[in-house]
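**Student:** Below: sequence and its predicted model.
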Amino acid sequence: MRASLHDLRAGEPTPTPARTSSNCLSMCFFYTETEANEPECCDMETNVQPRRPRLNWPIAAMIGIAGLVVVGAGILIAKAEPNSETLQGDIDKVDAELKRAEAEAAQYAGGALLALIEMRAQTLKATKAMMSQKQASTFRFIDLRYTIDGRVAGPATPEELSRIDVDRNAARAEIASKQSEIAAYSGGLIRSMGLMTIATKEVELAFLDLRYMSAKWGIPVYLSDDPVDTKTLGQPGTDDDAL
């Protein structure tokens, strides 16, 4: 609104346009009453009564903390090796192998073949549990660190993983070859021996998978380096030794 020429001549002040609620919201959100002679902010209720601005520290502090949390979460996710989708994919693969092993074990009531299959299933369960622990820590932004003999264990290098993968592929090739060999037999000693060989190789493959996943995700499987005294193996002991 503009003052008329008559009003200006009469020395009357130019009226101030009314402020809207949206203006009040943008101006007053971070401010409360303060000292005089500072910029004014309109009242949210009357839209007319002036307020004197002061920074609302509790609200500003909450926004600042929320920003730090978001930035920190981004840093943790960015440095996680590899990402959670890759981890879930590895868990799904191990879980599929575990279900296959449990289905095979259900076909036998006992014997050496069942013992090998159950050993393989237990190894796969350990592998899945290890990766599930890693996944849970990632979702909760917990940085897992494993210290062995004073050294922090970390993920293996691509070269180290490739060497383990060579052994895994070799074991898979032997299993596939033996399966093709016994496919022509429906029973008998040759098929039984072939199944035992396959079961043994699949246990070996399960251990290689455990080794590969532990190296990939930086969760070491600790094996003691303490030497074993082989001189006492197979020797009879006394009652005191038994205690």
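**Tutor:** On my side now, so go ahead. Just so you know, these numbers come straight off a predicted model, no measurement behind them.

**Student:** Contacts made by stretch 104-116 with the rest, please.
**Tutor:** Residues outside stretch 104-116 that contact it (CB atoms under 8 Å, 6 or more residues apart in numbering) are 117-118, 121, 195-196, 199-200, 202-203. Backbone N, C-alpha and C define where each C-beta goes, glycine included.

**Student:** neighbours of His120, just the number please.
**Tutor:** One correction, residue 120 is Arg, not His. When neighbours are counted by other CB atoms under 10 Å, Arg120 registers 27.

**Student:** Tell me how the chain divides into domains.
**Tutor:** 5-55, 82-221 (automatic domain parsing).

**Student:** Inside helices: which ones of the contacts of stretch 104-116?
**Tutor:** 117-118, 121, 195-196, 199-200, 202-203 (DSSP state H).

**Student:** how about a markdown table for those residues, with pLDDT and distance to Ile142 added?
**Tutor:** What follows is those, written out as a markdown table (pLDDT from 0 to 100; distance: CB to CB, whole Å):
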| residue | pLDDT | distance to Ile142 |
| --- | --- | --- |
| Ile117 | 96 | 35 |
| Glu118 | 96 | 33 |
| Ala121 | 96 | 29 |
| Leu195 | 94 | 43 |
| Met196 | 95 | 43 |
| Ala199 | 96 | 38 |
| Thr200 | 96 | 38 |
| Glu202 | 97 | 34 |
| Val203 | 96 | 33 |
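
**Student:** mind listing the strands for this structure?
**Tutor:** Secondary structure of the chain by DSSP state E: the strands cover 41-42, 50-51, 146-148, 151-153.

**Student:** re earlier: ok, and which of the domains of the chain has the densest surroundings?
**Tutor:** Of all those, domain 82-221 carries the top mean neighbour count, a mean of 15, counting by mean count of other CB atoms under 10 Å.

**Student:** Now Pro150: phi and psi?
**Tutor:** To be clear, residue 150 is Gly; Pro isn't right here. The phi/psi pair for Gly150 (degrees, to the nearest 10) reads phi 80, psi 0.

**Student:** mind listing the helices for the chain?
**Tutor:** Under DSSP H, the chain gives helices at 5-9, 21-28, 57-79, 84-105, 112-139, 158-182, 189-217, 239-242.

**Student:** could I get the ones you listed as a markdown table with distance to Arg151?
**Tutor:** Below are the helices of the chain laid out as a markdown table (distance: least, CB to CB, whole Å):
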| stretch | distance to Arg151 |
| --- | --- |
| helix 5-9 | 85 |
| helix 21-28 | 56 |
| helix 57-79 | 20 |
| helix 84-105 | 24 |
| helix 112-139 | 19 |
| helix 158-182 | 15 |
| helix 189-217 | 15 |
| helix 239-242 | 36 |
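
**Student:** of all these, which lies closest to Asp149?
**Tutor:** Among the helices of the chain, the nearest to Asp149 by CB to CB is helix 189-217 (16.5 Å).

**Student:** Which strands or helices does that closest one pack on?
**Tutor:** helix 84-105, helix 112-139, helix 158-182 (3 or more CB pairs under 8 Å, 6 or more residues apart in numbering; DSSP states H and E).

**Student:** out of those helices, which comes closest to Ile65?
**Tutor:** With respect to Ile65, and counting by CB to CB, the nearest of these is helix 112-139 at 21.3 Å.
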